[in-house]
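In: Okay, here's the prediction I keep looking at, along with the sequence it came from:
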Amino acid sequence: MASLETDVLVIGGGATGAGVAWDASLRGFDVILVDRADLAEGTSGRFHGLLHSGGRYVVKDPVAAEECVAENVVLRRIVADCIEDTGGLFVVTPDDDPAYGDAFMEGCRKTNLPAEEIGVDAALRMEPRLNPGIKRAFTVPDGSIDVWKTVWSLARGAQQHGARILTYHRVIDLHVEGDAVTGARLRNERTGEELDVNAGFTLNASGAWAAQIVKMAGIEGVGVIPGKGIMIAMNHRLVNTVINRCTLPADGDILVPIRTVSVIGTTDERAADPDDIPPTQEEVDAMLDDGERLVPGFREARALRVWAGVRPLFQDEKAGAAEVDTRDVSRTHAVVDHVARDGIGRLLTMSGGKLTTLRLMAQDLVDAMCRQLGEDRPCTTEEAIPPGNEDGELYSIGSRLRAREKTMQDEQLICECELIGRSKLEETMRRRETTILDDIRRSLRLGMGPCQGGFCIYRATGIEHGLDGIDAATASDSLRDFLQERWKGMWPILYGDQLRQARLDDWIFQGLLDVEHLP
Amino acid sequence: MTVEHDILGDLMRGSLDHCIKCTICETACPVSNATPLFPGPKYVGPQAERFRVSDEASPDASLDYCSGCGVCTQVCPQGVHIAEINTQARAKLRDRTGHKFRDRLLARPDVLGRLATPVAPLANLTLRAKPLRALGEKLVGLDRRAALPAYPGRTLQGWARKRTSPAAARRVAYFHGCGANWSELQVGQKAVELLEWLGCQVDVPRGQLCCGLPAQSNGMFDLARKYTGRMAGVLAPSARAGVDIVGTSPSCTLMLKREAREILGMEGHGDLRAVSDRMYDICEYLLALHDRGELRTDFQPLPITVTYHAPCQQQGHGVGKPALDLLALVPELQVIENDAVCCGVAGTYGLKHEKYEIAMKVGSRLFQQIGDAAPELAVCDTETCRWHIAEATGVPAVHPVEVLHRAAGLGA
Amino acid sequence: MIVVIGAGLAGLVAAVKLAEGGERVVVLAKGVGATHLSPCTIDVLGYAPDRVARPLDAIADLPADHPYVRVGRDAIVSAAAWWRESMGFVGSPEKNVLLPTAVGALKPSALVPETMAAGAGSDPVCVVGFRALKDFHAALLADNLVRAGIEARSVELDLRPEGRVDANSLAFARGFDDRVFRDAVVRAVSPRDGERVAFPAVLGLDGSAWRDVQERLGRPVFEVPTLPPSVPGMRVAKVLRERLRRAGGRVLLNNVVVGAERAGERVTALRVRVGLREVTYAADWVVLATGGFASGGLELDSRWQPHEVALGLPVTGVPAEQRFVPEYFAEHPMGRAGVVVGRDLRPEGLANVLVVGATLAGAQPWKEKSGDGISLATGHRAAELILGARATTAPAPDAPTESSPAEAR
């Protein structure tokens, strides 16, 4: 059996794990990062894209709010290319209590969040599609963040400092010798091969799956509550500012303009199994109604895709409450010290948290590891710039459109909805060394526009097949898998324009290409 | 609610949601099929619109190659208002990049007319003298080969003031447009005479200037609104009195029928609404009379061969090709229907130096068909198309009413 | 006046047959029809759910409300004969042939244009692709044919029509109509003995380039339909529209039917939105050919209610709860939704409205590979039914009010 040696094994390739790999590799540790699937395929890849100003927490969770206020600024500095400065609005809708606005402003003051009340007219001028019945409006420094870009930037930065990133490698066992974790057994999900990693330290950054991982070391009862939330991506930016409902956190209270879409979210429901979280029709119906409250005419706009993500909510078991609205659980994060808690060393778990504080979470986790190792290696991630963000310029929505002007006469456009050119696609396919088209989707947004791959996926399959070593059987499977993956997010939301699109795509994939009957 | 809302404008932009990328618009676009410089209606309209922030200028300069012919919107089976999205995006682009002096001129055909008419012989000389045209191309960007109108030195308005229309049961108001007023007076005169022969009493409302279309096409929306508002004010009394308004320029009539409301955010303008509801292209109007059995059809035989090209903006009315049905009423007239989508000039587009060759390529199929048919006349409803076709083929180009006028025995 | 709503294959077939039968026909359409998207082979029945070798024989096993069962076997036979004769297609609804698709699957078709006929059979194939045509991947096609047991190889040419790096099928079709480009292609392809040569379906705007290429290569040449825009579909649409025009019919685009006026069981006029205006068209007969959900003839709103958008006819087959299942290639609960009609293609309660094509309930055309077959058979049958009805009743006087196509409000 093959085995690898490393200083630090990081389990979980979401935002936390990528941040940890980056942080630890900058501090000179040799790092291996593993994920059972592609990076950010889990929770990180399924959130709405909000770069928190902190406004959503100022009343109920001021500690979390303060963290967001600070980290919002840091992230804009270090991963500028991944962040759009959309600004945010908190609006009191006709269904909300205007007095809450005062509590909100008080909370902002206390947490140093630069919020400002503006007139309703001003808000409607800013965002003409907003509900004209809103009663109060406040601006906040929300932004939207492209999580895949962020995660891959951090991962590539870690690679540049020697880290190894192993996607599609599932942890199937943790090795415990005596009272310490010494590494893990992995299974390569694509080949079935197993291998061992011997690690000086193991950092569990697997979020909603953290409890499942530590169970492999015999550790029980780590209080991670998977909180399921569904989100719907709408075909275009109904708004260009993040819109938050100014009320205690509720379902469907946020609409985020992220890249070319706007995402409405979310719900909050305790889930037993973080892998069994299908969106239900009731949830979809409710979310569309929530959308109407923020943007009248929402139901006539086009919905592209619905998905569910699962938040890792940490609840200290000692606090005891069994039936609790998962929304009431603190959204701040915590390092779980397994030496103190379970008598097992060289293992630390990160629990809770939210994407905006990913860097801080990584810092806290790696700091805790250094303390336990007795190593004095300071964190540099507040200033270090991971690859792709060197020019310090925030992302702007027109960037791909501008870039395409320059390449229009020289290069084929493969994904037209998201403006992806052929050379970029081929380069990414080669670099990622993957045949899974869904991985390319995450890297480039391939197939994430209105046609959801209807036109570009056949092209991408043909291009993939043209790369070295990829035969027709693999390419054909890749195509079929992509169609199935894509369908998962489409079928619960098929009505109106998107149903029409789906039927046209059925005509293409079944009526014209007959993919189903490929050998 | 206190914020004024451009409801139709939102509908235009919001219609991008209906795009399912089917490519049908791309098959029809005359410009993207003629040159790769224009990425096509699907790209520039619903696709790029997702990358635009509503009040900022779009970074894609290639959108400027859209000629505004509107064929994409006509063929789209999903109801995406592609051409309208493009026109709005172009206006924002121009606001940022600035308006060329040439475009400011082209946006004001009434001003050009007023300046040129008193000095018509000189104006015409200037517009035809090769060295001056070459200079014009260098200084201002007007292609030296582009077909420009000639100015007879009189106006249609002037002619109309000197006569009265015989009283008749049916009244119509004639909306002449800049072309018929300043350049092709014969079109306006013949239209009025034909309408009278057909039993209409024809008002020619005074003070008609420009409908605003050239300003809109060139991205000057404030100027366009001024023009449109003023024109609507001139025609509104007729409309409110229950008098139908007919025009001989399908581009101008389409502007007031639909485009100004959709693109300029003038949906709330009372005069425009009234005028829009009563606006007709003259062939549309005459065919409707014929279908009700109310049209005189005692035309004399006209044993000549003509071609007929339906301009893209005439097709934008969505009424088919009524000119064909009307010409079919003329005994012995041979009409060859052209099946080209656009002649290329698209209003002021083909006059511009950077667009001229594209325009000629777009029109090449039509010119070939006309050349092959060797007709006596090339019939076409829109004035700029006529000038462009005549220049390219050498065949005289006339409005359908001119043929009907002749067949009615009203003149050569 | 007969009004056909929809300018897709079903609508154009009905309109052409009616106009050539002497009727006054106008086609009202929101835009160009799905002809431009479809390969325009006439697939009669490919899977039910297993692969079908003899479509006509398989009709008997279809569910009772399937459009083929409604119109009957004979309707399919006569429609196919009409199509074959008037459009120059080859083949028959009696027996399917297997044609390679752009991804290399083998799909059953019944009637095919002659430009595609040599795709049937299992002789070795040389697939020719073009780097500038991203919508066709010759190597993938060839390799998948090999997996299916057919000897195949591929060649990718770097020839660019009009110098375009990113050319669609239409640009390539124009290229093939140009002698210089065509020559370059022919020079670059050297087929071996016994080989057929496959190209993407771009061999000229009217297909004549196909003949020239085949002659000069000296081997059977066939087109393979690929992603839209469909050049073969555009050829079919052009021929049908030209026939319609010559027979005196009209097509009005951007005319959206939004409702109907009725007197008892008859529709007397259609309400049509043209631009920002609503006009009425009087109609003696109406053929509803607006397509299914793909074309927007049927819609599902955000509360999961289906609508037939032109006339408001009832739509069956959409369950209140789950409309789809998670497996993409499975049969979905709402897969056969549409408007139900009797054997004479009329919905209940309407005497002069016939429904054709993908608007009909009872079929899953993309899955069965039956779309164009249904459009052809039902469009043709509808025209026959109306012509028959008109022949047996005394023709109404040609009163202008009855046949005025446009009367503004």
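Out: All right, it came through fine. Numbering: from 1, shown residues only, chains lettered A, B, ... in the order given.

In: hey, let's count contacts and neighbours off CA atoms from now on
Out: OK.

In: The stretch 51-200 of chain A: strands as residue ranges?
Out: Here the stretch 51-200 of chain A has its strands, by DSSP state E, counting those that start in this stretch, at A:83-84, A:88-92, A:116-118, A:136-140, A:143-145, A:164-166, A:169-177, A:180-188, A:194-204.

In: how near is C:Ala282 to C:Pro347?
Out: 20 Å (C-alpha to C-alpha, to the nearest Å).

In: Next: A:Asn131.
Out: 42 Å.

In: just A:Ser478 next, same as before
Out: According to C-alpha to C-alpha, A:Ser478 stands 44 Å off from C:Pro347.

In: Show me how the record splits the chain into domains.
Out: I went with chain A, as the question did not name one. Chain A breaks down by automatic domain parsing into domains covering A:2-43+A:148-224+A:316-373, A:54-59+A:80-144+A:225-312, A:399-517.

In: wrong one, chain C
Out: What automatic domain parsing lists as the domains of chain C is C:2-93+C:234-408, C:117-224.

In: between those, which gets the lowest average pLDDT?
Out: By mean pLDDT, the lowest-scoring of the domains of chain C turns out to be domain C:2-93+C:234-408, with a mean of 93.

In: where does chain B have low pLDDT?
Out: B:1-7, B:9, B:412 (pLDDT under 70).

In: make it 80
Out: Across chain B, the ranges flagged by pLDDT under 80 are B:1-11, B:54-57, B:412.

In: What ranges does the stretch 201-350 of chain C have for its strands?
Out: C:221-224, C:250-252, C:255-263, C:266-274, C:277-282, C:285-288, C:298-300, C:306-308.

In: How about chain B?
Out: Using DSSP state E, the strands of chain B run over B:170-175, B:200-203, B:244-247, B:279-281, B:305-309, B:334-337, B:377-380, B:397-398.

In: right, and those - which one's nearest chain A?
Out: Proximity to chain A (C-alpha to the nearest C-alpha) singles out strand B:279-281 among the strands of chain B, at 31.3 Å.

In: For C:Ala282 and C:Pro347, indicate the residue with more neighbours.
Out: Taking other C-alpha atoms under 10 Å in any protein chain shown, C:Ala282 and C:Pro347 do not tie; C:Ala282 has more neighbours (23 against 19).

In: what would the strands of the stretch 201-350 of chain C look like in TSV with distance to chain B?
Out: What follows is those, written out as TSV (distance: least, C-alpha to the nearest C-alpha, whole Å):
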stretch	distance to chain B
strand C:221-224	19
strand C:250-252	5
strand C:255-263	6
strand C:266-274	6
strand C:277-282	7
strand C:285-288	15
strand C:298-300	12
strand C:306-308	15
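
In: So for chain A, which of the ones you listed sits nearest?
Out: Closest among the strands of the stretch 201-350 of chain C, using C-alpha to the nearest C-alpha: strand C:298-300, at 5.1 Å.

In: Secondary structure class of C:Lys107, three-state.
Out: strand (DSSP: H, G, I helix; E, B strand; the rest coil).

In: now the one 5 residues further on
Out: Secondary structure, three-state DSSP: C:Val112 is strand.

In: surely it meets C:Pro93?
Out: No: with contact defined as C-alpha atoms under 8 Å, C:Val112 does not count as touching C:Pro93 (10.5 Å).

In: what's the closest of the strands of chain B to A:Arg305?
Out: Nearest of the strands of chain B to A:Arg305, taken as C-alpha to C-alpha: strand B:279-281 at 43.6 Å.

In: Residues in contact with that closest one: which ones?
Out: Where contact means C-alpha atoms under 8 Å, 6 or more residues apart in numbering or on different chains, the residues beyond strand B:279-281 that reach it are B:Asp244, B:Ile245, B:Val246, B:Gly247, B:Thr248, B:Ser249, B:Pro250, B:Thr253, B:Leu256, B:Lys257.

In: B:Pro152 is in contact with B:Asn181, isn't it?
Out: No: B:Pro152 is beyond contact range of B:Asn181, at 10.0 Å (criterion: C-alpha under 8 Å).

In: So the two - more neighbours on which side?
Out: Taking neighbours as other C-alpha under 10 Å, B:Pro152 and B:Asn181 compare with B:Asn181 leading, 25 against 18.

In: Next one: the more buried one from chain C, what distance?
Out: B:Asn181 is 27 Å from chain C, where distance means C-alpha to the nearest C-alpha, to the nearest Å.

In: likewise B:Tyr43?
Out: Counting by C-alpha to the nearest C-alpha, the gap from B:Tyr43 to chain C is 13 Å.

In: Not counting sequence-adjacent ones, nearest residue to that residue?
Out: Excluding the flanking residues, the one nearest B:Tyr43 by C-alpha to C-alpha, 6 or more residues apart in numbering or on different chains is A:Glu416, at 7.7 Å.

In: can you list the weak-confidence ranges in chain A?
Out: A:221, A:223-224, A:314-331, A:468-469.

In: So which bits of it are right by chain B?
Out: Listed as neighbours of chain B in chain A under the rule C-alpha under 8 Å from any C-alpha of the partner chain: A:121, A:124-125, A:128, A:132-133, A:235-237, A:240, A:260-261, A:301-302, A:397-398, A:400-402, A:405, A:408-409, A:416-417, A:450-451, A:455, A:497, A:500-501, A:504.

In: As JSON lines, the contacts of strand B:279-281 with neighbour count and distance to chain C would be great.
Out: Formatted as JSON lines, the contacts of strand B:279-281 follow (neighbours: other C-alpha atoms under 10 Å in any protein chain shown; distance: C-alpha to the nearest C-alpha, whole Å):
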{"residue": "B:Asp244", "neighbour count": "20", "distance to chain C": "11"}
{"residue": "B:Ile245", "neighbour count": "27", "distance to chain C": "13"}
{"residue": "B:Val246", "neighbour count": "25", "distance to chain C": "14"}
{"residue": "B:Gly247", "neighbour count": "24", "distance to chain C": "16"}
{"residue": "B:Thr248", "neighbour count": "26", "distance to chain C": "19"}
{"residue": "B:Ser249", "neighbour count": "27", "distance to chain C": "17"}
{"residue": "B:Pro250", "neighbour count": "27", "distance to chain C": "14"}
{"residue": "B:Thr253", "neighbour count": "27", "distance to chain C": "13"}
{"residue": "B:Leu256", "neighbour count": "25", "distance to chain C": "11"}
{"residue": "B:Lys257", "neighbour count": "26", "distance to chain C": "8"}
